[in-house]
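# here is a sequence with its predicted model. Questions after.
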Amino acid sequence: MEKQREAWGSRFAFIMAAAGFAIGLGNMWRFPYLTGTHGGGAFVLVYVTVCVLIGIPVFTMEIALGRKARAGNILGMRKLTKKGSPWVAFGWLGVLAAFFICTYYMQIMGWLFGYIVKTATGQLSGLTSEQYKSAFDGFMANPVELTIYTA
């Protein structure tokens, strides 16, 4: 008897989760800066073109892999390829990419928690931009404090 697999509650929930994965915090956070420093509208045109030409096919392939194999990246590649095939490495690359993305976001969350505490305790109120930079540099130079907020 096959175990019942979980499924998305609605198509809208799946679309929102997929959009969150595809867009990511990095795009929302850095996009205005990147647009300003790399040429404005021309940058946006190239950026969207690359996202469409590379991002959509890779995303579609990953969705198709999951649907066909009914498994995650690694097991899905093992199910759909011959034994010993080098294509299984692509399944591992997806897992490795997720690991590195999580470590990146973990550091950002540590910064966020640190700034929430500093703001709530009034340590950041009324500072000039130079003082904010100095506070950030001091925060980055204190590995114990960073570890506490990141943990």
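That came through, no problem.
# packing partners for the longest helix anywhere in the chain?
Identified as the longest helix of the chain according to DSSP state H is helix 88-120. Judged by 3 or more CB pairs under 8 Å, 6 or more residues apart in numbering; DSSP states H and E, the packing partners of helix 88-120 are helix 11-37, helix 73-80, helix 129-140, helix 143-150. Every residue, glycine included, has its C-beta placed from N, CA and C.
# out of those, indicate the one that is most buried.
Most buried of the helices and strands packed on helix 88-120 by mean neighbour count (mean count of other CB atoms under 10 Å) is helix 73-80; its value is a mean of 18.
# sorry, back to before: turn the helices and strands packed on helix 88-120 into CSV, columns for mean pLDDT.
Compiled in CSV, these are given as follows (pLDDT from 0 to 100):
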stretch, mean pLDDT
helix 11-37, 77
helix 73-80, 84
helix 129-140, 90
helix 143-150, 90
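# measure residue 55 to residue 8 for me?
21 Å (CB to CB, to the nearest Å).
# do residue 92 as well
On the measure of CB to CB, residue 92 and residue 8 end up 25 Å apart.
# go on, residue 84?
34 Å.
# more crowded one of those two?
The residue with more neighbours, out of residue 84 and residue 8, is residue 8; 12 against 6, by other CB atoms under 10 Å.
# okay, how far is it across stretch 118-131, tip to tip?
14 Å (CA to CA, to the nearest Å).
# show me what counts as buried in that stretch.
Under the neighbour-count criterion of 16 or more other CB atoms under 10 Å, stretch 118-131 has residue 118 buried.
# can you give me how far it is from the chain middle?
In this view, stretch 118-131 has its centroid 29 Å away from the chain centroid, taken as CA atoms, centre = their mean, to the nearest Å.
# what's the domain layout of this structure?
Using automatic domain parsing, the domain parsing of the chain gives 6-70, 88-151.
# how far does the last one sit from the chain's center?
Read that as domain 88-151. Distance, stretch centre to chain centre, for domain 88-151: 15 Å (CA atoms, centre = their mean).
# phi and psi next, for residue 70.
Per-residue torsions, residue 70: phi 50, psi 50 (degrees, to the nearest 10).
# any idea how far residue 94 is from it?
Going from residue 70 to residue 94 by CB to CB gives 16 Å.
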